[in-house]
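Engineer: prediction below, plus the sequence it came from.
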Amino acid sequence: MSKVISPCIDRCFTNGKFCPSCGRTEQEIQDWWEADNNTKKKIIEKCTSRLDPEAFDYWEEQYEYKQQDG
């Protein structure tokens with residue numbers, strides 16, 4: 001199974017609830033380091049569902065670039 005790459009797109013900040021760039025909460029960011037691949041996939045599904053459509057489109061494009069760079 002290939003490694004699940006972090007959803008972080010290096011535009012980190014918080015709106016008090018989650019990062020508007022990747023959608024992760026502070027707890028999800030902390031949990032990421034110990035999570036297995038299945039949990040990481042679930043975190044990505046949850047965090048990106050928090051993004052508004054425009055932010056999601058931008059995130060998706062940046063994440064695809066990140067995956068290509070490996």
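Structural biologist: Perfect, thanks for sending it.
Engineer: which neighbouring elements make contact with the longest helix seen in the chain?
Structural biologist: For the chain, the helix reaching the highest residue count under DSSP state H is reported as helix 53-69. Identification of packing neighbours for helix 53-69 by 3 or more Cβ pairs under 8 Å, 6 or more residues apart in numbering; DSSP states H and E yields helix 37-49. Placement of C-beta: from N, CA and C, glycine included.
Engineer: for the helix it packs on, which outside residues touch it?
Structural biologist: For helix 37-49, the surrounding residues in contact (Cβ atoms under 8 Å, 6 or more residues apart in numbering) are 1, 3-4, 7, 18-19, 22-25, 28, 31-32, 35, 56, 59-60.
Engineer: so how many other residues sit close to Trp33?
Structural biologist: Counted with other Cβ atoms under 10 Å, the burial measure for Trp33 works out to 7 neighbours.
Engineer: buried residues in stretch 46-56?
Structural biologist: For stretch 46-56, the neighbour count (16 or more other Cβ atoms under 10 Å) marks 47-48, 50-51, 55 as buried.
Engineer: dump those residues to JSON lines, plus pLDDT and distance to Lys41.
Structural biologist: As requested, those are arranged in JSON lines below (pLDDT from 0 to 100; distance: Cβ to Cβ, whole Å):
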{"residue": "Cys47", "pLDDT": "96", "distance to Lys41": "11"}
{"residue": "Thr48", "pLDDT": "96", "distance to Lys41": "11"}
{"residue": "Arg50", "pLDDT": "95", "distance to Lys41": "16"}
{"residue": "Leu51", "pLDDT": "95", "distance to Lys41": "16"}
{"residue": "Ala55", "pLDDT": "94", "distance to Lys41": "20"}
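Engineer: with respect to Asp69, which of those residues is nearest?
Structural biologist: Of all these, Asp69 sits closest to Thr48, with 19.2 Å by Cβ to Cβ.
Engineer: look up how far Glu26 lies from that closest one.
Structural biologist: Shown here: Thr48 relative to Glu26, a distance of 17 Å by Cβ to Cβ, to the nearest Å.
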